[in-house]
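> 3D model of this:
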Amino acid sequence: MISDEIRKNLQDIIGGALIERKTDRCTAIRNLLCEGFEAGPTVKSEFESKSIIKERQTPYLKAWAQQNGLWLHELPTNSRYLTRGGEAEVYLSSDKLNVFKVNSGIYYATWTEFFNSLLIHNLLFESTEYSFVGFIEKERLLCAVLQQPFIEGEQANLDDIRELLTFNGFQLKVRQDYFNTEFGLALEDMHDENVIVKEDVLFFIDTVFYVMSESK
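Have a look, this model is predicted:
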């Protein structure tokens, strides 16, 4: 069940408030974007029209990363390519304890939505928390390089995923897409490849959150 503290933090993120209690890089970038650009809920029908905001955010974030030592010319040393999913390339770190995910934010209309999704994931799934490494350019696209704990296990059962998400207020809508009416929060594509089970514990390794109204 979602705790009162997590509930308060979720409400701040969803409401577009600046998060001052945390100093991690994901929060810092999200706050930066909220200050400089609009931070409204997702409306799927407006995805294309909002892409102009993302176009404006891209040089803004690149300049910020260069000024703050977070612009990468290559991936961390000795990282090894593993796979490519729908939104990210995945690399194993040299110590085999973490993975690096190179993500262009393709599933999001704006970079603000992307970083909101990361913060929501970190609140709800702390065991697979994302940390921000830097920005890099691949195939002329700005990409965020994220680090996440590497979890070895089996693909989770869809019924177990549904049971856990339902317990935390997310109702299955269609296919493997869920919606939480309390927060107006969509969680999409929760199929078994995005959740790992290890020693009867579910680890959510890939999530896509959208702040939106249920009717959208």
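
> Okay, strands next: where are they in this structure?
80-84, 88-92, 98-103, 131-138, 141-149, 154-155, 171-174, 177-180, 185-188, 195-198, 201-204, 208-211 (DSSP state E).

> which stretch among these comes nearest Asp24?
strand 131-138 (6.8 Å; C-beta to C-beta). C-beta: built from backbone N, CA, C; applies to glycine.

> Can you check what angle separates that closest one from strand 88-92?
Per axes from the mean of the first three to the mean of the last three C-alpha atoms, to 10 degrees, the angle that strand 131-138 makes with strand 88-92 is 120 degrees.

> May I see the buried residues of strand 131-138?
Neighbour counts over strand 131-138 (16 or more other C-beta atoms under 10 Å) mark Phe132, Val133, Gly134, Phe135, Ile136 as buried.

> now do stretch 21-33
For stretch 21-33, the buried set under the neighbour-count rule, 16+ other C-beta under 10 Å, comprises Asp24, Arg25, Cys26, Thr27, Ala28, Ile29, Arg30, Asn31, Leu32, Leu33.

> Which one of these is nearest to Asn180?
Nearest to Asn180 among the buried residues of stretch 21-33, with distances taken as C-beta to C-beta, is Arg30, at 19.6 Å.

> Redo the strands of the chain as JSON lines? Include distance to Leu124.
Listed next are the strands of the chain as JSON lines, based on distance: least, C-beta to C-beta, whole Å:
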{"stretch": "strand 80-84", "distance to Leu124": "24"}
{"stretch": "strand 88-92", "distance to Leu124": "19"}
{"stretch": "strand 98-103", "distance to Leu124": "18"}
{"stretch": "strand 131-138", "distance to Leu124": "16"}
{"stretch": "strand 141-149", "distance to Leu124": "14"}
{"stretch": "strand 154-155", "distance to Leu124": "20"}
{"stretch": "strand 171-174", "distance to Leu124": "15"}
{"stretch": "strand 177-180", "distance to Leu124": "10"}
{"stretch": "strand 185-188", "distance to Leu124": "9"}
{"stretch": "strand 195-198", "distance to Leu124": "13"}
{"stretch": "strand 201-204", "distance to Leu124": "8"}
{"stretch": "strand 208-211", "distance to Leu124": "9"}
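
> Perfect, that will be all.
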